[in-house]
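**Student:** Below is the structure, and that's it, no one-letter string:
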């Protein structure tokens, strides 16, 4: 099964050196599950020709906001709606979660409650998942037809599902402790409050359920295969 990765951002030079770029993190997360991958760097204006170029689609995280004025965002929203209409599976993570919500009629905002950084707990489909987060933006209005399947006290709309065609999640199952540590040291200072960075650093050794959520992603992609 071929998964098309719609890459909406790039990692820091330190992240790329240590772990590879953002698309490579997803390939590592899902790579032992029988998938083939092709990356389309939509952030650089590189788009698939049609939704049929892959059997399923994955939209990555990004440093950009879904509400920002970039030339590549409107065609990405059009592509999202085309995938939903076509019916083949799509998964969105962090920015992917947000841009899908926006494309489908929801609202994304810079959350007044601030940042969520590092190891966090979420209730997803009735089970507790521990996953790494790195975001201030949130989906604040859920699109019509979407159903909330994950949340915590800080993020009310942390995971959504759309007609069993699209699955999205706010935290990062592809981020391990090394990635969070690099973000804390390279992107956090002067942007994220210092107390949040310190708290996230203190929790770097806590186990996440990334593999368990990757199982969920695999099942979602393969449901019609």
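**Tutor:** Structure's in. What do you need? Note that this is a predicted model, so its numbers are computed, not measured. Numbering: from 1, shown residues only.

**Student:** And the pLDDT for the residue most central in space within the chain?
**Tutor:** Nearest residue to the geometric centre of the chain (C-alpha atoms, centre = their mean): residue 93, 1.2 Å. On pLDDT, residue 93 comes in at 98.

**Student:** Surely it is in contact with residue 172?
**Tutor:** Yes - checked against C-beta atoms under 8 Å, the pair residue 93 and residue 172 is within contact range at 6.2 Å. Any C-beta I mention is one placed from the backbone N, CA and C, and that applies to glycine too.

**Student:** Touching both of these two, which residues are there?
**Tutor:** Counting by C-beta atoms under 8 Å, 6 or more residues apart in numbering, the common neighbours of residue 93 and residue 172 are residue 61.

**Student:** continuing past the worst-scoring helix or strand of the chain on mean pLDDT, what's the next helix or strand?
**Tutor:** In the chain, no helix or strand scores lower on mean pLDDT, DSSP states H and E than helix 13-19, which sits at a mean of 92. Of the helices and strands lying after helix 13-19 in sequence (DSSP states H and E), the nearest is helix 22-30.

**Student:** Can you list the low-confidence ranges for this protein?
**Tutor:** 224-225 (pLDDT under 70).

**Student:** picking up where we left off before, return the set of buried residues in the least confident helix or strand of the chain.
**Tutor:** Across helix 13-19, burial judged by 16 or more other C-beta atoms under 10 Å covers 14-15, 19.

**Student:** before we move on, what about stretch 80-88?
**Tutor:** Buried residues in stretch 80-88 (16+ other C-beta under 10 Å): 80, 83-84, 88.

**Student:** so which of the residues you listed comes closest to residue 217?
**Tutor:** Comparing these against residue 217 with C-beta to C-beta places residue 88 closest, at 14.5 Å.

**Student:** If you count contacts, what does the least confident helix or strand of the chain end up packed against?
**Tutor:** Secondary-structure packing of helix 13-19 (3 or more C-beta pairs under 8 Å, 6 or more residues apart in numbering; DSSP states H and E): helix 177-186.
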